[in-house]
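J.: Starting from these lines, generate the structure:
(chains A, B, C, D, E and F)
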6 protein chains.
Amino acid sequence: MPLVTVKMLEGRTDEQKRNLVEKVTEAVKETTGAAEEKIIVMIEEMRKDHYAVAGKRISDTE
Amino acid sequence: MPLVTVKMLEGRTDEQKRNLVEKVTEAVKETTGAAEEKIIVMIEEMRKDHYAVAGKRISDTE
Amino acid sequence: MPLVTVKMLEGRTDEQKRNLVEKVTEAVKETTGAAEEKIIVMIEEMRKDHYAVAGKRISDTE
Amino acid sequence: MPLVTVKMLEGRTDEQKRNLVEKVTEAVKETTGAAEEKIIVMIEEMRKDHYAVAGKRISDTE
Amino acid sequence: MPLVTVKMLEGRTDEQKRNLVEKVTEAVKETTGAAEEKIIVMIEEMRKDHYAVAGKRISDTE
Amino acid sequence: MPLVTVKMLEGRTDEQKRNLVEKVTEAVKETTGAAEEKIIVMIEEMRKDHYAVAGKRISDTE
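T.: Just a heads-up that it's a prediction; the model follows:
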């Protein structure tokens, strides 16, 4: 612990994902004092036809 | 907020998914008073070999 | 299945929650064809000091 | 209920998954007294480029 | 990894919870080959007024 | 989106939580390019008797 889950739309590059987990881990370590080796970050990608705001899916609004 | 996640088996049509997010958003708005544009609905599809009831996966019972 | 999780801020009344699970179940049944007795709806309440948008917690913006 | 979610890296065989849901269901039934037919077990597989420990993704450490 | 989450209604004893995490960990280790020290089990308790089946909350059916 | 959930043991101060959501939001914005006002961060606190590693709950190892 801590366990961090980042849910975001598909489409980010491998480089962005590498930086994301690194920077989020740093942010968690710096502010909570958790040991770095205990911090887990998981990325969950969402499809545009599976994500809706105000009743409309992103895939239906593009 | 509110954030709604609907976990269901794979296999619904795009039309069913479109109606699902629309009707669920309406239900949440109507009963909680949340502003429509704040309501997020996410669909998470599950594979039949990853979903089990009473120790048996759906894929092993068909 | 389907399993529906509704994450929302604390503060809704018992009546609102009763109506919420009822209406969401109806919406899911109507649009996915799932059998009513298979539909599970779970409410997860969030504290205002545990929910942030744009880096600010609701508790810090009121 | 209970609803059990097992998040693990991709790569287990179908046989391992079959045994996993069976044994986890038994463990839950035996220790909580829940009725077997009420116990749901869901497997969520994670990609190595979506799972990080100590700021490094598994895909970047192999 | 693996990360196991067990969602269940409130009311189990401390003893039941101790046995639950132990037996579930054993089941996961035995069937997936994961190293014991890497297996995390988390219990999430649900209130009866926050859990509904077929549109009715447990709290409204007792 | 992105939606970030941080699961961690109970016990952090309000100040730590304020900094946590701020720094995590910055990290996500900086690395994914997401607009700040779209980034949601949620904190989920876990009790020591509900979190186990290697089959032992934190509450049983202190």
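J.: Number of residues surrounding A:R12?
T.: Here the number of neighbours of A:R12 (other C-beta atoms under 10 Å in any protein chain shown) works out to 19. Quick note: C-beta positions are derived from backbone N, CA and C, even for glycine.
J.: average pLDDT across the helix or strand where A:Q16 lies?
T.: Per DSSP states H and E: A:Q16 is located in helix A:14-32. For helix A:14-32, mean pLDDT rounds to 98.
J.: which outside residues touch that helix?
T.: A:2, A:4, A:6, A:12, A:34-36, A:39, A:41, A:43, D:49-50, D:52, D:54-57, D:60, F:4, F:6, F:8, F:12, F:16, F:19-20, F:22-24, F:26-28, F:30-33 (C-beta atoms under 8 Å, 6 or more residues apart in numbering or on different chains).
J.: Dump it to PDB, keeping only the CA atoms.
T.: Taking Å, rounded to 0.1, in the frame of the first residue of the first chain, the C-alpha atoms of helix A:14-32 are listed here in PDB:
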ATOM      1  CA  ASP A  14       3.900   3.900 -23.800                       C
ATOM      2  CA  GLU A  15       6.100   6.800 -22.900                       C
ATOM      3  CA  GLN A  16       3.200   8.700 -21.300                       C
ATOM      4  CA  LYS A  17       2.300   5.600 -19.300                       C
ATOM      5  CA  ARG A  18       5.900   5.200 -18.100                       C
ATOM      6  CA  ASN A  19       6.000   8.800 -17.000                       C
ATOM      7  CA  LEU A  20       2.600   8.600 -15.400                       C
ATOM      8  CA  VAL A  21       3.400   5.700 -13.100                       C
ATOM      9  CA  GLU A  22       6.700   7.300 -12.200                       C
ATOM     10  CA  LYS A  23       5.300  10.700 -11.300                       C
ATOM     11  CA  VAL A  24       2.200   9.400  -9.500                       C
ATOM     12  CA  THR A  25       4.500   7.100  -7.400                       C
ATOM     13  CA  GLU A  26       6.600  10.100  -6.500                       C
ATOM     14  CA  ALA A  27       3.600  12.200  -5.600                       C
ATOM     15  CA  VAL A  28       2.200   9.500  -3.300                       C
ATOM     16  CA  LYS A  29       5.600   8.900  -1.700                       C
ATOM     17  CA  GLU A  30       6.300  12.600  -1.100                       C
ATOM     18  CA  THR A  31       2.900  13.400   0.400                       C
ATOM     19  CA  THR A  32       2.000  10.200   2.400                       C
END
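J.: Can you list the buried residues in stretch A:7-21?
T.: For stretch A:7-21, the neighbour count (16 or more other C-beta atoms under 10 Å in any protein chain shown) marks A:K7, A:M8, A:L9, A:R12, A:K17, A:R18, A:N19, A:L20, A:V21 as buried.
J.: for stretch A:47-62, how far is the first residue from the last?
T.: Length of stretch A:47-62, first residue to last, C-alpha to C-alpha, to the nearest Å: 13 Å.
J.: can that stretch be found next to chain C?
T.: No - with C-beta under 8 Å from any C-beta of the partner chain as the measure, stretch A:47-62 is seen stopping short of chain C, the closest distance being 10.8 Å.
J.: Closest to chain E out of the buried residues of stretch A:7-21?
T.: A:V21 (14.5 Å; C-beta to the nearest C-beta).
J.: excluding its backbone neighbours, what's nearest that closest one?
T.: D:A52 (3.8 Å; C-beta to C-beta, 6 or more residues apart in numbering or on different chains).
J.: Quick check: the one you found vs chain C, distance?
T.: According to C-beta to the nearest C-beta, to the nearest Å, D:A52 stands 22 Å off from chain C.
J.: One more: A:T32?
T.: A:T32 is 14 Å from chain C, where distance means C-beta to the nearest C-beta.
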